[in-house]
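S.K.: below are the sequence and a predicted model; questions follow.
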Amino acid sequence: MSKSYIISSSRADFISETIDSLCSSLQIKDINADFYHVEPADKKQSIGIDQTRKLKEWFKVKPYSSPNKFAVIQNAELLTVQAQNSILKLLEEPNANCFLALTLSNPSYLLPTVLSRCEIIQDTTISQSIEGTDFMKISRTQQFKLIDEIMSEKNLIEQNRSIQKFLLNLLTTLQKELEADHSDTKLKQNIALIEQTSIMISGNTSKRLALENMVINMKY
């Protein structure tokens with residue numbers, strides 16, 4: 001069993017279920033003592049080296065009542081470069097009975113040196129379904145279901161990233177199709193609609209409403 005993991009998903013339920021499964025496998029009996037959760041400090045938008053130092057100090061202490069200790073760095077894309085470098089040795093040569101998981105939507109946000117030291121647990125449910133080509137081929141009911149999946153993410157940072165990735169993939173696909181046929185007015189209208197939707201979402205408009213309105217007004 002690996003000791004360092006990257007849990008890659010934009011769905012909070014997948015991340016939570018994976019963490020629960022790892023806790024069970026590691027026989028973490030005392031969540032208060034043998035489980036450590038790292039996230040941005042109050043009012044900060046990043047996870048700095050001070051927090052990773054505290055994590056390493058915590059790992060030096062023997063498990064309290066469980067056979068292992070398990071720590072999770074939530075929203076690991078917020079780790080500063082210095083913080084990522086500070087945990088490299090911890091990832092490569094973890095203390096006995098110590099396990100660490102990093103959660104985020106896209107592993108590419110992490111340094112290659114971090115990626116190479118971890119086993120990646122990838123959630124492919126949304127990442128496979130948000131490709132632009134697939135979206136234009138599925139039924140409207142399935143399109144609305146996809147929007148429900150994206151909006152079900154409770155973490156607003158992850159939700160925004162999923163929306164941006166979805167719109168970018170869709171826009172890129174249609175732009176490539178337009179390059180092959182510059183006279184296709186439906187493609188031009190759909191591209192303009194996606195761009196307008198992106199602008200609306202960046203403002204105060206309801207994200208769900210903007211996405212659903214886009215689906216309704218798509219030209220086929």
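M.R.: Received, thanks. Model, not experiment: these values are computed from the prediction.
S.K.: what residues are up against the nearest residue in space to residue 65 that is not next to it in sequence?
M.R.: When the adjacent residues along the chain are set aside, residue 65 lies closest to residue 30, with 4.5 Å between them (C-beta to C-beta, 6 or more residues apart in numbering). To be clear about C-beta, it is placed using only N, CA and C from the backbone, and glycine gets the same treatment. Shown in contact with residue 30 (C-beta atoms under 8 Å, 6 or more residues apart in numbering): 64-66.
S.K.: filter those down to the buried ones.
M.R.: Buried subset of the contacts of residue 30 (neighbour count, 16 or more other C-beta atoms under 10 Å): residue 66.
S.K.: let's have the contacts of residue 30 in a markdown table, adding pLDDT, secondary structure and distance to residue 159.
M.R.: Output for the contacts of residue 30, formatted as a markdown table (pLDDT from 0 to 100; DSSP: H, G, I helix; E, B strand; the rest coil; distance: C-beta to C-beta, whole Å):
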| residue | pLDDT | secondary structure | distance to residue 159 |
| --- | --- | --- | --- |
| 64 | 91 | coil | 35 |
| 65 | 90 | coil | 36 |
| 66 | 92 | coil | 33 |
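S.K.: using CSV, lay out the contacts of residue 30 together with distance to residue 108.
M.R.: Converted to CSV, those look like this (distance: C-beta to C-beta, whole Å):
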residue, distance to residue 108
64, 36
65, 38
66, 33
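S.K.: now, which of the contacts of residue 30 sits nearest residue 161?
M.R.: residue 66 (33.2 Å; C-beta to C-beta).
S.K.: list the contacts of that closest one.
M.R.: Contacts for residue 66 (C-beta under 8 Å, 6+ apart) come out as 26-30, 33-34.
S.K.: among those residues, which lie within helices?
M.R.: 33-34 (DSSP state H).
S.K.: who wins for neighbours among the contacts of residue 66?
M.R.: Among the contacts of residue 66, the one with the most neighbours (other C-beta atoms under 10 Å) is residue 34, at 24 neighbours.
S.K.: residues contacting it?
M.R.: For residue 34, the residues meeting the contact criterion (C-beta under 8 Å, 6+ apart) are 28, 63-66, 68-70.
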